[in-house]
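In: Sharing a model that was predicted from the sequence below.
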Amino acid sequence: MVSLDSEQLEQLKAIGTFLGEVREEEGRTLEDIATKTYIPLRLLRAIEAGQEQILPEPVFVQGFIRRYGDALGLDGNELSKRFPVNAVPVISAFTAHQEAKTGLPDPEPGAAYVPPATNVWQPAELPSSRPPYLLIGGIALAVLAGLGSVVLPLLKPSTPIASAPSAPSVKPAAPVAAPLTDPVPSPEVSAAKETPIAASPITASPITASPTPAATAIASPVDPNSPVSIDVKVSDRSWVQVVVDGAVEYEGILETGAQQSWSGKESIIISSGNAGAVSVAFNKGVAQTMGKLGAIEEKTYTAKGVQ
C-alpha cells in the first residue's frame with residue numbers, strides 16, 4: 001500500500017475524472033478498457049475514483065495512465081506526465097518560507113557565500129585623557145595602602161598566638177581512624193553486590209517467553225489446513241500485490257529467485273507487473289506462470305478454483 005502526497009493525490013483524482021468522462025462519452029465500459037490494456041479492472045476503478053489504497057507504486061500508476069489514455073485515443077504519454085512520480089520534497093516549502101521571511105534569494109551555484117550585513121554592537125572608543133575622579137580615586141587607594149602597611153605589623157603578634165593552638169588541632173585530625181572502619185562496611189557492600197546476582201534470573205524469565213509468539217508468527221503464513229493457499233516463485237524482478245480475504249497482505253518488488261507463500265480462508269488475489277516471471281502453485285499443485293513477460297495480470301484463487 002503506497003501513500004501519495006497531496007499533489008500526487010490531487011493530480012490522480014483530476015486525471016481519473018477526465019479519463020472516466022472521455023470513456024463515457026465514447027460509450028465504452030471499463031471491462032473493454034481492461035481487456036485492451038491488460039490492466040486489472042479494480043485498478044482502473046481506483047484510478048477513476050482517485051483511490052490510492054489499492055494502487056501500486058507511483059511509477060506503475062503513471063504507466064497505467066499512459067496505457068489508459070492511449071486506449072481512449074488520447075496522448076497517453078503527455079497525460080501520464082501530469083502525474084508526478086516523485087513526491088514533492090518538504091525542503092522546497094521551507095526554502096520558500098525562508099526567502100519570504102528574509103527577502104533574500106538563494107545564492108547562485110558556485111558563488112561564494114556572503115553573510116548579510118547585521119547591526120553588530122561595537123564598544124565606543126575610550127577617551128585618551130583620564131577624568132579627574134579617576135586620579136582622586138587612585139590617590140585614595142595609595143593612602144589606604146600606606147595605612148595598611150602601618151597597621152598590619154601591629155596586628156601580627158596576635159596572629160601567631162591564635163594559630164599556635166590551631167596547629168595541634170590539625171595534627172590529631174590527620175590520623176583519622178576512618179581507614180580502620182573501611183573494612184567493616186565491606187561485607188555490606190559485598191552483600192549488596194550479591195543481591196543483583198540473585199535478581200538476574202528473575203529478569204531472564206521474560207526474555208525466554210518472547211520467542212514463543214515469534215515462532216507462531218513465522219508459522220502462521222503457511223497453513224496446510226486452509227482451503228486456499230498459493231506458493232509464488234519469481235524468475236525475474238517483478239512488482240507483486242497479494243490480497244488475502246479482502247486485505248492487502250503484500251505489495252512490493254520481488255527480486256529474482258524470491259519465493260513466498262500465502263494462505264487464506266476465502267480467496268487470494270495476486271497481481272503482477274511482469275506476469276511471465278511469476279509462477280504460482282495453487283493448493284500445492286503444479287506451478288504455472290501468470291502470463292507473458294512484461295504483461296500485467298491478475299489471478300483470483302478460491303476454494304472453487306482459479307478465476
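Out: Yes, it's here. Residues are numbered from 1 along each chain as shown.

In: can I get the CA coordinates of stretch 39-56 in PDB?
Out: C-alpha atoms of stretch 39-56 as PDB (Å, rounded to 0.1, in the frame of the first residue of the first chain):
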ATOM      1  CA  ILE A  39      -4.900  -3.500 -16.600                       C
ATOM      2  CA  PRO A  40      -6.900  -5.200 -13.800                       C
ATOM      3  CA  LEU A  41     -10.500  -3.900 -13.600                       C
ATOM      4  CA  ARG A  42     -10.200  -3.000  -9.900                       C
ATOM      5  CA  LEU A  43      -7.100  -0.800 -10.600                       C
ATOM      6  CA  LEU A  44      -8.900   1.000 -13.400                       C
ATOM      7  CA  ARG A  45     -11.800   1.700 -11.000                       C
ATOM      8  CA  ALA A  46      -9.300   3.000  -8.400                       C
ATOM      9  CA  ILE A  47      -7.700   5.400 -10.900                       C
ATOM     10  CA  GLU A  48     -11.000   6.900 -12.000                       C
ATOM     11  CA  ALA A  49     -12.100   7.200  -8.300                       C
ATOM     12  CA  GLY A  50      -8.700   8.600  -7.100                       C
ATOM     13  CA  GLN A  51      -8.300   5.800  -4.500                       C
ATOM     14  CA  GLU A  52      -4.700   5.300  -3.500                       C
ATOM     15  CA  GLN A  53      -5.300   2.400  -1.100                       C
ATOM     16  CA  ILE A  54      -5.000  -0.400  -3.600                       C
ATOM     17  CA  LEU A  55      -2.800   1.200  -6.300                       C
ATOM     18  CA  PRO A  56       0.900   0.100  -6.700                       C
END
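
In: Residue 64 reaches residue 40, doesn't it?
Out: No. The pair residue 64 / residue 40 is not scored as a contact, 9.4 Å apart, by C-beta atoms under 8 Å. C-beta here means a position set from N, CA and C on the backbone, and glycine is covered the same way.

In: and for the two, which residues touch both?
Out: By C-beta atoms under 8 Å, 6 or more residues apart in numbering, residue 64 and residue 40 have no common neighbours.

In: Which secondary structure element is home to residue 54?
Out: According to DSSP states H and E, residue 54 maps onto no helix or strand at all.

In: can you check residue 43 too?
Out: Going by DSSP H and E, residue 43 is part of helix 41-49.

In: With residue 141 instead?
Out: helix 132-155.

In: and that helix, average pLDDT?
Out: The average pLDDT within helix 132-155 is 58.

In: now stretch 283-293
Out: 91.

In: got the end-to-end distance for that stretch?
Out: 24 Å (C-alpha to C-alpha, to the nearest Å).

In: Check stretch 231-250 too.
Out: With C-alpha to C-alpha as the measure, the ends of stretch 231-250 fall 14 Å from one another.

In: rewinding a little: next, the buried residues of the helix holding residue 43.
Out: With burial defined by 16 or more other C-beta atoms under 10 Å, the residues of helix 41-49 counted as buried are 42, 43, 44, 46, 47, 48.

In: do the same with stretch 287-295
Out: Buried residues in stretch 287-295 (16+ other C-beta under 10 Å): 289, 290, 291.

In: Which one of the residues you listed is nearest to residue 251?
Out: Of all those, residue 251 sits closest to residue 290, with 15.9 Å by C-beta to C-beta.

In: show me what contacts that closest one?
Out: Counted by C-beta under 8 Å, 6+ apart, residue 290 has contacts 270, 272, 275, 276, 278, 279, 280, 297, 299.

In: Any idea how many residues pack against the closest residue to residue 255 other than its chain neighbours?
Out: Excluding the flanking residues, the one nearest residue 255 by C-beta to C-beta, 6 or more residues apart in numbering is residue 237, at 5.6 Å. Using other C-beta atoms under 10 Å, residue 237 has 14 other residues around it.

In: go on, residue 285?
Out: When neighbours are defined as other C-beta under 10 Å, residue 285 has 12 of them.

In: tell me which element it is part of?
Out: Going by DSSP H and E, residue 285 is not in any helix or strand.

In: Contact partners for residue 70?
Out: Taking C-beta under 8 Å, 6+ apart as the test, what residue 70 contacts is 37, 76.

In: rerun that using 6 Å as the cut-off
Out: residue 76 (C-beta atoms under 6 Å, 6 or more residues apart in numbering).

In: How about the one 3 residues further on?
Out: With contacts taken as C-beta under 6 Å, 6+ apart, residue 73 has no neighbouring residues.

In: hey, where'd the helices end up in the protein?
Out: Assigned by DSSP state H, the chain shows helices spanning 6-25, 30-37, 41-49, 58-71, 76-80, 90-102, 132-155, 158-173, 178-181, 186-209, 211-219.

In: Could I get the buried residue list for the fourth one?
Out: Neighbour-count burial for helix 58-71 flags 58, 60-71 (criterion: 16+ other C-beta under 10 Å).
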